[in-house]
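Undergrad: can't give you the sequence, but here's the structure:
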């Protein structure tokens, strides 16, 4: 949390909580077409 780490972690955590998907259902990255949970299932 010191030296700016908290902000970086928060940004990453928000993306993971959103399953690496935008609210309209499109993935953040084409390699993760089913989001984080789809990647974990593979």
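TA: Perfect, I can see it now. These figures come from a predicted structure and were not determined experimentally.
Undergrad: From now on I want contacts and neighbour counts done on CA atoms only, so please keep to that.
TA: OK.
Undergrad: which ones are touching the closest residue to residue 16 other than its chain neighbours?
TA: Leaving aside its sequence neighbours, residue 16 sits nearest to residue 36 (C-alpha to C-alpha, 6 or more residues apart in numbering; 6.8 Å). Going by C-alpha atoms under 8 Å, 6 or more residues apart in numbering, residue 36 touches 16, 19-20.
Undergrad: Let me know the pLDDT of residue 36.
TA: pLDDT for residue 36: 86.
Undergrad: Give me the phi and psi for it.
TA: The phi/psi pair for residue 36 (degrees, to the nearest 10) reads phi -70, psi -40.
Undergrad: do you know how far it is from residue 25?
TA: Applying C-alpha to C-alpha, to the nearest Å, the value for residue 36 to residue 25 is 13 Å.
Undergrad: if we can go back for a sec, neighbour-wise, which of the contacts of residue 36 leads?
TA: Compared across the contacts of residue 36, residue 20 has the highest neighbour count, 22 neighbours, by other C-alpha atoms under 10 Å.
Undergrad: ok so, going back, got the contacts of residue 36 as JSON lines, with secondary structure columns?
TA: Putting the contacts of residue 36 into JSON lines (DSSP: H, G, I helix; E, B strand; the rest coil) gives the following:
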{"residue": "16", "secondary structure": "helix"}
{"residue": "19", "secondary structure": "coil"}
{"residue": "20", "secondary structure": "coil"}
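Undergrad: which of the residues you listed lies closest to residue 41?
TA: Nearest to residue 41 among the contacts of residue 36, counting by C-alpha to C-alpha, is residue 19 at 12.7 Å.
Undergrad: how far away is that closest one from residue 30?
TA: 13 Å.
Undergrad: and if you look at residue 23?
TA: Computed as C-alpha to C-alpha, the residue 23 to residue 30 distance reads 15 Å.
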